[in-house]
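Participant: have a look; sequence and predicted model below, questions after that.
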Amino acid sequence: MTTSSTQPTLTGIHHVKIPVADLEATGNWYRTVLGARRETRFDHRDQDGRLFAIMLFLPGCAVPVELRHAPDAAAALAGFDPVTFGVANEASLTDWVGRLDSHGVTHTPVTRAFVGSMVEFTPPDGPPVRLYTDPPGGFAAVELDPTAAPPGGA
């Protein structure tokens, strides 16, 4: 077997998988609150035809979100936020807070985080989700003080 000394490259993140207990209800919530679009052609079914995962595409996100029926995993992640979605800036974050409020979604206050501001909320079924402002100029432009403690909620 021949091995190459060059590092193979990745093309990015293919998709994000989030465990849930109620696939349809959580999918509906993501569509209603976050504006996700479900692509039924990517639905995952077992050998008996039972639906066990759906693929959602969120406006502005290049990476699809898979909601996977996994009640035990969803319960185990209670309080842990495995995915954070970026928003352009503080004004966009404020707009999202207004949208969450208009749908009656309980959320944290906007807080200053490690490299921006964020808000966290929990869908009715599944782990918490965060919206976080993108750093101006991207992550490469961020300069951190290695001696400073990060703000809470990072």
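Facilitator: Nice, thanks for sending it over.

Participant: how about low-confidence regions in the chain?
Facilitator: 1-4, 145-154 (pLDDT under 70).

Participant: change it to 90
Facilitator: 1-5, 10-12, 78-79, 83, 113-115, 124-126, 135-154 (pLDDT under 90).

Participant: and the helices in this structure?
Facilitator: Ranges of helices in the chain, per DSSP state H, are 23-34, 71-76, 90-102.

Participant: closest to L58 out of the ones you listed?
Facilitator: Minimum separation from L58 across the helices of the chain (CB to CB) falls at helix 23-34, 5.6 Å. No exception for glycine: its C-beta is placed from N, CA and C like everyone else's.

Participant: picking that back up, now the helices of the chain as CSV including distance to G138?
Facilitator: Output for the helices of the chain, formatted as CSV (distance: least, CB to CB, whole Å):
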stretch, distance to G138
helix 23-34, 23
helix 71-76, 32
helix 90-102, 16
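
Participant: of all these, which one is nearest C61?
Facilitator: Going through the helices of the chain one by one, with CB to CB as the measure, helix 23-34 comes closest at 9.4 Å.

Participant: please point out which parts of the closest one sit buried.
Facilitator: 23, 26-27, 29-30, 33-34 (16 or more other CB atoms under 10 Å).

Participant: quick one, it and helix 90-102 angle?
Facilitator: Here helix 23-34 points in a direction 130 degrees away from that of helix 90-102 (axes from the mean of the first three to the mean of the last three CA atoms, to 10 degrees).

Participant: other SSEs contacting helix 23-34?
Facilitator: strand 37-38, strand 51-57, strand 65-69 (3 or more CB pairs under 8 Å, 6 or more residues apart in numbering; DSSP states H and E).

Participant: so which bits of stretch 76-88 are buried?
Facilitator: Under 16+ other CB under 10 Å, the buried positions of stretch 76-88 are 77, 85-87.

Participant: ok, back up a step: please identify the deepest-packed of the helices and strands packed on helix 23-34.
Facilitator: strand 65-69 (a mean of 20; mean count of other CB atoms under 10 Å).

Participant: hey, what's the angle from that strand to strand 51-57? Just curious.
Facilitator: On the basis of the same axes, to 10 degrees, strand 65-69 is oriented at 160 degrees to strand 51-57.

Participant: roughly how far is strand 65-69 from the heart of the chain?
Facilitator: 11 Å (CA atoms, centre = their mean, to the nearest Å).
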